[in-house]
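Visitor: This is the structure alone, sequence omitted:
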């Protein structure tokens, strides 16, 4: 089963920390430093999980999520922000995000547990579809 993850953040340090950790956990990880780069990647790849920073130059995480959601309705998309007091969970859900996390977070606890649960749900949904026929 595919385990493709996309991380979108204009902070190269965040991309490296998250990517390195997830690769060690056995995931196929792609990174993008802008919304435009992310759209190029999503046009030619199928990502099950996408992490998007909300505050990026040129294209906000909200706008990026809406654009990705148009073509990738089943992807699990998570908002990440260091400005929890500025961005609200309700606004993220309206934009199409499935979850919302404030940086900094404990990467080992949050990512490991979160992704295990997300991929369990994806696998269950996939098995349910396959068992119908």
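Guide: Perfect, thanks for sending it. Keep in mind it's a predicted model, so treat the numbers as computed, not measured.
Visitor: pLDDT weak spots in the protein?
Guide: For the chain, the stretches with pLDDT under 70 are 1, 83-89, 126, 128-133.
Visitor: let's go with 80 and repeat that
Guide: 1-2, 82-93, 95, 103-110, 122-133 (pLDDT under 80).
Visitor: For the longest helix along it, list every residue counted as buried.
Guide: Longest helix in the chain by number of residues (criterion: DSSP state H): helix 107-131. Going by neighbour count (16 or more other Cβ atoms under 10 Å), the buried part of helix 107-131 is 111, 114-115, 118-119, 122. Where C-beta positions appear, they are placed from N, C-alpha and C, glycine not excepted.
Visitor: for those residues, which one is nearest residue 92?
Guide: residue 114 (15.2 Å; Cβ to Cβ).
Visitor: sorry, back to before: residues contacting the longest helix of the chain, please?
Guide: 1, 3, 5, 17-18, 21-22, 25, 27, 48-49, 74, 76, 78, 99, 101 (Cβ atoms under 8 Å, 6 or more residues apart in numbering).
Visitor: Among these, which one has the most neighbours?
Guide: In terms of neighbour count, residue 5 stands highest of those at 25 neighbours, by other Cβ atoms under 10 Å.
Visitor: That one: helix or strand, and which one exactly?
Guide: Using DSSP states H and E, residue 5 sits within strand 4-8.
Visitor: Residues touching the following helix or strand past that strand, excluding its own?
Guide: Proceeding N to C from strand 4-8, the next assigned helix or strand is helix 12-24, under DSSP H and E. Helix 12-24 has contacts (Cβ under 8 Å, 6+ apart) with 5, 7, 9, 29, 31, 33, 51, 53, 80, 103, 107-108, 111, 115.
Visitor: which two of the residues you listed lie the greatest distance from each other?
Guide: 33 and 108 (23.8 Å).
Visitor: what separates residue 109 from residue 115, distance-wise?
Guide: 11 Å (Cβ to Cβ, to the nearest Å).
Visitor: With respect to residue 90, which of the contacts of helix 12-24 is nearest?
Guide: Closest to residue 90, out of all of the contacts of helix 12-24 and judged by Cβ to Cβ, is residue 80, at 16.7 Å.
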